[in-house]
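Participant: Turn this into a structure:
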Amino acid sequence: QVQVEESGGGLVQPGGSLRLSCVASETAFIRNAMSWFRQAPGKQREFVAAVTTSGETSYKEAVRGRFTISRDNAKNAVYLQMDNLRPEDTAVYYCTPTYYSGFRYFPKYDYWGQGTQVTVSS
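Facilitator: The predicted structure is shown next:
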């Protein structure tokens, strides 16, 4: 069974930091790359960052150098450390198992958790 649960969102001022967490079921986590996606109001869901089973990472250009993705294989957990946040980072953030194809990451299952809201505003 594929399940994920995201947490850690909140309201933060521009320039602030948040750390998002995601705990996944073993089916979702084992042998899968894991990614964070986000969806802002009125916009399509977009890729933010990915981490492979071996720890290799990939980022959307707009967050590179500000966000850091990591995983703890012992806890079936994925994290997203977000620093120097900007108003344009405001969105609901989702984690999901992903696969890599054609230089892009795609959701592996037709399943999304409830997400966690990140709001960057003064």
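Participant: Now do the same contact list for Thr68.
Facilitator: By Cβ atoms under 8 Å, 6 or more residues apart in numbering, the contact list for Thr68 reads 57, 80-81, 83. In short, each C-beta sits where N, CA and C put it, glycine included.
Participant: What of Gly15?
Facilitator: Going by Cβ under 8 Å, 6+ apart, Gly15 touches 84-85.
Participant: what kind of secondary structure is it in?
Facilitator: What DSSP: H, G, I helix; E, B strand; the rest coil gives for Gly15 is coil.
Participant: per-residue pLDDT, it?
Facilitator: Note for Gly15: predicted pLDDT of 98.
Participant: how close does it sit to Asn84?
Facilitator: Distance, Gly15 to Asn84, using Cβ to Cβ, to the nearest Å: 6 Å.
Participant: try Glu46
Facilitator: 19 Å.
Participant: go on, Glu6?
Facilitator: For Glu6, the distance to Asn84 (Cβ to Cβ) stands at 21 Å.
Participant: More neighbours: which of the two?
Facilitator: Relative neighbour count places Glu6 above the other of Glu6 and Asn84, with 24 against 13, counting by other Cβ atoms under 10 Å.
Participant: I am finished for the moment; much appreciated.
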